[in-house]
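# With the input below, show me the fold.
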Amino acid sequence: MSIIFRALGASALVLLTAAPVTAATPGPGSPVGGPKLSGVELVTDLPADVPPPPPIAAGAYLLADLDTGAVLVAKAPHLQSKPASTLKTLTALTLVPTLPPTKVVRATPEDAAIDGTKVGLDPGAGYTVEQLFQGLLMSSGNDAAQALARAGGGMPRVAQSMTQVAHDLGALDTQARNTSGLDAPGQLTSSYDLALIGRAALRDPQIANYVSTRSVTFPGKRVRGPNPGKRPTFEIGNHNRLLFNYEGAIGVKNGYTQAARHTYIGAARRANQGYILTFLGGQSADWHQSAAMFDWAFAYGKKAHQIGKLVEPGDLAQETPAPTPSRREPAADTAVAAIRNNAAAATMRDPRWTVAGVGGLITAAALYIAVRRSKKPVRGRRG
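The predicted structure follows:
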């Protein structure tokens, strides 16, 4: 169905072509992340001394605390729409854990002929997986996306793994059909899901490095003729303009197609605060509106009340039936294991974990000692 949203602060109408929201829910009538995230209107819960957040000219958007997962601002967070190149973040989450960075992949004419933005792969030339991920996430190269799909076992297989990885994250609104984010029937996501995907990407050190790098040297086309000489190089720059213009920006990915309009995953960190912003159906790629939202977050984010939560990997395991093991792709299982390890590592790095976690361990240890000293059998739940 088609739903028309009036962009805040703009006279233009944003048209999002979206399928009905089909995300599985943790409880009756409650979407993933909490019941307040079920609607299509702007939702906040602010004390009297906190001004409203600045508008984002988009059909759907979400702002959340990068560390706690607390959702602070949301508009139509579970509305499904086309992801454009923000989907490349999910491509990286799926393939980075399975493809060695030094593996060499040879470009094909099909890679070079793909539609849309390209990093400039030369058919027949070899590129390391690391270089292809740089071309994918920094230059938004659809040719790099195609080459990575081939290295990962082919487009259908990798797209299936991407969907599995998304769903294991709790991103149940997401369906992947390709690695590039080019418009495809049934390829959908939501601003809530993009926040889950972006947060997981930033927890992976390798992906976090790619999306925060401003520029890098990339191999050029081979020199033809009897004396080919050394292969030339050229510089590629990150398409995320916030990295160049906003203090504390750390990624993640922007996208655009005519049908999807502007799509975005952005994140910024200053001192002990970090926030993630996503939007779909945007009217502009202007980085100033994202900067204004991050300014608001750093000023008022700690005062704003939580309206929902970004779930952690595995949180929905009890509510969502596990896929049949025989139908799962090994790449998805490897990626999910890496995501959960990264999530655990991020929690351990959080200074708040130190007090709560150590206190919990001490309490558990004391209880264990007390039980061991008791001569009576202990009855309770079986582990």
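# Where do the strands of the stretch 101-250 of the chain begin and end?
Listed in chain order, the strands of the stretch 101-250 of the chain (DSSP state E, counting those that start in this stretch) span 104-106, 126-128, 215-219, 233-237, 249-257.
# Contacts for the second one, please.
With contacts defined as CB atoms under 8 Å, 6 or more residues apart in numbering, strand 126-128 is touched by Pro101, Thr102, Lys103, Val104, Val105, Arg106, Ala107, Leu121, Gly135, Ala144, Ala147, Pro219. The way it works is simple: take the backbone N, C-alpha and C, and place the C-beta from them, glycine included.
# what about the residue nearest to Ala201 when sequence neighbours are not counted, how many residues close to it?
In this structure, Ala201 finds its nearest non-sequential neighbour in Ile207, 4.6 Å apart by CB to CB, 6 or more residues apart in numbering. A total of 23 residues lie near Ile207 under the criterion other CB atoms under 10 Å.
# Low-confidence ranges, the stretch 151-300 of the chain, go.
225-229 (pLDDT under 70).
# coming back round to it: in the contacts of strand 126-128, which residue is surrounded by the most others?
Ala144 leads the contacts of strand 126-128 on contacts (other CB under 10 Å) with 34 neighbours.
# Now that one. Nearest residue, chain neighbours left out?
Ala144 sits nearest to Gly135 (CB to CB, 6+ apart), 3.6 Å away.
# my read: the one you found touches Leu121, true?
Yes: between Gly135 and Leu121 there is a contact under CB atoms under 8 Å: 7.4 Å.
# Common neighbours of the two, please.
By CB under 8 Å, 6+ apart, the residues touching both Gly135 and Leu121 are Tyr127, Gly141, Asp143, Ala144.
# Pretty sure the residue nearest to Ala201 sits against Leu93.
Yes: taking contacts as CB under 8 Å, Ile207 lies within contact range of Leu93: 6.9 Å.
# which neighbours do these two share?
The contact sets of Ile207 and Leu93 overlap at Ala201 (CB under 8 Å, 6+ apart).
# Find the nearest non-adjacent residue to Glu110, please.
Spatial nearest neighbour of Glu110, chain neighbours left out: Gln146 (6.7 Å); criterion: CB to CB, 6+ apart.
# oh sorry, the question was meant for Leu132
Closest residue to Leu132 apart from its sequence neighbours, by CB to CB, 6+ apart: Ala144 at 4.6 Å.
# Per-residue pLDDT of the one you found, please?
pLDDT, the model's per-residue confidence, is 98 for Ala144.
# mind listing what it touches?
By CB under 8 Å, 6+ apart, Ala144 lies in contact with Asp111, Lys118, Val119, Leu121, Tyr127, Leu132, Phe133, Gly135, Leu136.
# in stretch 46-58, what counts as buried?
Leu46, Val50, Pro53, Pro54, Pro55, Ile56, Ala57, Ala58 (16 or more other CB atoms under 10 Å).
# ditto for stretch 184-201
For stretch 184-201, a neighbour-count test (16+ other CB under 10 Å) marks 187-201 as buried.
# and which of those residues is nearest Ala271?
Arg199 (18.7 Å; CB to CB).
# give the contact list for the closest one.
By CB under 8 Å, 6+ apart, the neighbours of Arg199 are Ala64, Leu66, Gly69, Ile276, Leu310.
# quick one: which of those has the most company?
Ranked by the number of neighbours (other CB under 10 Å), the contacts of Arg199 place Ala64 first, at 32 neighbours.
# Beta-bridge partners for the closest residue to that residue other than its chain neighbours, please?
With sequence-adjacent residues excluded and distances taken as CB to CB, 6+ apart, Ala64 is closest to Val71, at 4.6 Å. Legend: beta-bridge partners of Val71 under DSSP bridges are Ala64, Gly308.
# quick one: pLDDT of Val71?
Predicted confidence (pLDDT) for Val71: 98.
# just the one 10 residues further on next, same as before
Model confidence at Ser81, expressed as pLDDT, equals 97.
# Run through the bridge partners of it.
For Ser81, the beta-bridge partners under DSSP bridges are Thr189.
# Please report how far it lies from Gly266.
Using CB to CB, to the nearest Å, Ser81 is found at 17 Å from Gly266.
# Any idea how many residues pack against Arg231?
13.
# my guess is it contacts Gly220, does it?
Yes: with contacts counted by CB under 8 Å, Arg231 reaches Gly220, the gap being 6.5 Å.
# Cheers, nothing more for now.
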